Structures are given as C-alpha cells and as structure tokens.
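Q: Kindly generate the corresponding structure for this input.
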Amino acid sequence: MTIKDHACRKKGLQNFYYINKNMTDKLKNFNTDTKKFIFEWASKFRGSPLLIVEWDKKRLRQRSIQKFTVITIIRSSRNCFLLPTSGQNKLYSIFRFDDHQIIVNITSALKRAYHQENTDSFGRVYVVVAEKENTFDINEIFDVF
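A: Residues are numbered from 1 along each chain as shown. Predicted structure coming up:
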C-alpha cells in the first residue's frame with residue numbers, strides 16, 4: 001500500500017481514489033470536490049442527469065450579471081434540485097434533474113437570455129449522466145453564456 005493509498009483509506013476515500021485513476025479526460029477537468037460529489041451522486045441517482053455550471057467570477061463582474069439570478073432561472077424549472085456543494089466550492093453549481101429534456105429547455109432559455117456574440121462567456125455548462133457504475137457520459141454545452 002502506498003502512502004497515498006493509506007491517506008485515502010484513512011479519510012474514507014479508498015473507492016474514490018480507485019475510481020479517480022480510471023476517470024475520463026473530461027471528468028479530470030473538474031476539481032476534486034466536484035469529482036467526489038459526482039461519484040457520490042452517481043451511486044444514488046444513476047441515470048438522472050446533472051447540470052454543472054462552472055462560473056467565471058471575473059467575467060460575471062465584467063458583464064454585471066449576478067450568479068444568484070442565473071441560479072434562480074435554472075431552479076425555476078420543474079424537477080430541478082440544486083445540490084449542496086461544500087463552502088469552498090463556489091466555482092461550480094450543480095443541479096439534478098429527472099429528465100434530460102428539461103436541461104435542453106433550460107440551456108436554450110439561458111442562451112436566449114445571456115449569450116452575446118463576440119463577448120466572453122461567464123461560465124461553462126456540462127451535462128453529466130452516470131450510465132452505469134464508474135461510467136459517465138459527460139458533454140459540454142457550448143455558447144450558453
């Protein structure tokens with residue numbers, strides 16, 4: 001057992017560390033807290049899609065957009081659940097839905113409200129679905145913001 005294995009077991013993360021070795025390239029883009037949250041969610045809600053918004057705080061300020069306002073638009077959809085993230089994880093907002101079509105509708109509405117040609121985006125949007133154990137379908141939706 002390596003020192004890293006021992007440290008992970010001590011923290012109760014042995015399964016997370018093992019899965020972490022086998023992640024897809026797209027999942028590697030998320031920070032550790034977000035990846036851990038995705039794995040916890042996948043064990044409970046396999047098949048339910050997640051909408052993950054990665055915020056660019058600098059560009060939010062430049063465009064005078066409140067993150068809370070965007071979150072409110074997303075949460076106003078039916079069957080949307082804002083999932084709790086740790087206090088230090090302000091970079092991402094994670095939402096769970098019962099139906100993928102709702103995510104399509106929300107991202108279309110967000111694009112109509114916030115997308116501006118030739119203007120930097122204030123965030124990236126991902127859809128994550130746990131298809132089966134340790135298998136994730138991860139897609140970025142472009143030009144939402």
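
Q: Would you mind measuring from residue 107 to residue 92?
A: Distance check for residue 107 against residue 92: by CB to CB, to the nearest Å, it reads 16 Å. Placement of C-beta: from N, CA and C, glycine included.

Q: Count the neighbours of residue 112 for me.
A: Neighbour count for residue 112, taken as other CB atoms under 10 Å: 8.

Q: Contacts for the helix or strand where it lies, please.
A: According to DSSP states H and E, residue 112 maps onto helix 100-114. Outside helix 100-114, the residues that touch it by CB atoms under 8 Å, 6 or more residues apart in numbering are 49, 51, 65, 70, 73-74, 77-80, 97, 122, 125, 127, 129, 141, 143-145.

Q: Counting neighbours, which bits of it end up buried?
A: Within helix 100-114, the residues that count as buried by 16 or more other CB atoms under 10 Å are 102-103, 106-107, 110, 114.

Q: how far does it sit from the chain's center?
A: 15 Å (CA atoms, centre = their mean, to the nearest Å).

Q: Just the pLDDT for the closest residue to residue 56 other than its chain neighbours.
A: Excluding the flanking residues, the one nearest residue 56 by CB to CB, 6 or more residues apart in numbering is residue 122, at 5.1 Å. The score at residue 122 is 94. That number is its pLDDT.

Q: What distance do you get for residue 122 to residue 29?
A: For residue 122, the distance to residue 29 equals 17 Å [CB to CB].

Q: Check residue 140 too.
A: 9 Å.

Q: Strands of the chain, start to end?
A: 50-55, 80-83, 92-97, 123-132, 135-141 (DSSP state E).

Q: just the CA coordinates of the first one, formatted as PDB?
A: Meaning strand 50-55. Extracted C-alpha coordinates of strand 50-55, given in PDB (Å, rounded to 0.1, in the frame of the first residue of the first chain):
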ATOM      1  CA  LEU A  50     -26.600  16.600 -13.600                       C
ATOM      2  CA  LEU A  51     -26.200  20.200 -15.000                       C
ATOM      3  CA  ILE A  52     -22.900  21.600 -13.800                       C
ATOM      4  CA  VAL A  53     -22.100  25.300 -14.300                       C
ATOM      5  CA  GLU A  54     -18.500  26.300 -14.000                       C
ATOM      6  CA  TRP A  55     -18.500  30.100 -13.100                       C
END
